[in-house]
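> Fold the following and give me the result.
(one chain, ligands or ions: 2)
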Amino acid sequence: MDLKAHIRGIPDFPKPGILFYDISTLLRHGPAWNEAVRRMADIVAAKKPDVLAGIESRGFLLAAPIAHALGIGFIMLRKPRKLPGAVLGLSYALEYGEDRIEMQADAVEKGSRVVILDDLLATGGTLGAGINLLQQAGADVVGAVTLIELTFLGGRSRIHAPFESLLSYDE
Ligand SMILES: O=P(O)(O)OC[C@H]1O[C@H](OP(=O)(O)OP(=O)(O)O)[C@H](O)[C@@H]1O
Ligand SMILES: Nc1ncnc2[nH]cnc12
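Ligands and ions are numbered 1, 2, ... in the order given. This is a model prediction of the structure:
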């Protein structure tokens, strides 16, 4: 199945000059969402993770079904002030703004094998911050996987873990 045929590019969203890769059309097509999850799950399974981490909010839509399919646990990396209890946090730059990501300080066991997932790699700020956060918490980040990679933004240079994406766009 051609998964790219289910992803549309919307110009000038959320700011002028940004071409937004919209996965809503993939998510609302059952067989396409299923195929994306299945193909990402194969990549993830090969890394033999103990647990998966997903990034709010579009990342959850891929990471949670993959964790469920593999029968392993799921950790939420969330936008600020959403998680109760002690949290670890990091701020980072986005392609179109600034954001912060947080996780619960006790979410991972020291040395556990974690694969982190998101829908899309752009500048790599989000995924890079997620990896740093998991490492601070004591995780062994054995992989980082996204559905989409915008190669022209060079985000891979900020990803200090073995990285794979299913689909890449060079413009
Ligand atoms: O590689 P980067 O430049 O960091 O950009 C990629 C991130 O940007 C988007 O999230 P967004 O903050 O728009 O939030 P959403 O998932 O809640 O829509 C996307 O889902 C990634 O998490
Ligand atoms: N161009 C883009 N399209 C969709 N999501 C994004 N997140 C960061 N950049 C993006």
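> Please count neighbours and contacts with C-alpha atoms only from this point.
OK.
> now the strands: where do they sit in the chain?
Using DSSP state E, the strands of the chain run over residues 8-11, 19-22, 51-55, 73-77, 87-94, 97-104, 113-121, 140-150, 163-169.
> can you tell which of the ones you listed is closest to ligand 2?
Proximity to ligand 2 (C-alpha to the nearest ligand atom) singles out strand 19-22 among those, at 3.5 Å.
> residues of the closest one that come out buried?
By neighbour count with 16 or more other C-alpha atoms under 10 Å, strand 19-22 contains the buried residues residue 21.
> Using PDB, list the CA coordinates for that strand.
Only the C-alpha atoms of strand 19-22 are listed here, as PDB (Å, rounded to 0.1, in the frame of the first residue of the first chain):
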ATOM      1  CA  LEU A  19       3.900  22.900   4.400                       C
ATOM      2  CA  PHE A  20       2.000  20.800   6.900                       C
ATOM      3  CA  TYR A  21       2.000  17.000   6.400                       C
ATOM      4  CA  ASP A  22      -1.500  16.100   7.600                       C
END
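> anything in it near ligand 2?
Yes - Strand 19-22 reaches ligand 2 (C-alpha under 6 Å from any ligand atom) through 19, 20, 21, 22.
> that older thread, what would the strands of the chain look like in a markdown table with mean pLDDT and distance to residue 2?
A markdown table is the format used below for the strands of the chain (pLDDT from 0 to 100; distance: least, C-alpha to C-alpha, whole Å):
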| stretch | mean pLDDT | distance to residue 2 |
| --- | --- | --- |
| strand 8-11 | 98 | 13 |
| strand 19-22 | 97 | 15 |
| strand 51-55 | 98 | 24 |
| strand 73-77 | 98 | 28 |
| strand 87-94 | 92 | 28 |
| strand 97-104 | 92 | 31 |
| strand 113-121 | 98 | 17 |
| strand 140-150 | 98 | 13 |
| strand 163-169 | 98 | 10 |
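> can you list these in a markdown table and add distance to ligand 1?
Shown next, in a markdown table, are the strands of the chain (distance: least, C-alpha to the nearest ligand atom, whole Å):
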| stretch | distance to ligand 1 |
| --- | --- |
| strand 8-11 | 14 |
| strand 19-22 | 9 |
| strand 51-55 | 6 |
| strand 73-77 | 10 |
| strand 87-94 | 4 |
| strand 97-104 | 7 |
| strand 113-121 | 4 |
| strand 140-150 | 8 |
| strand 163-169 | 12 |
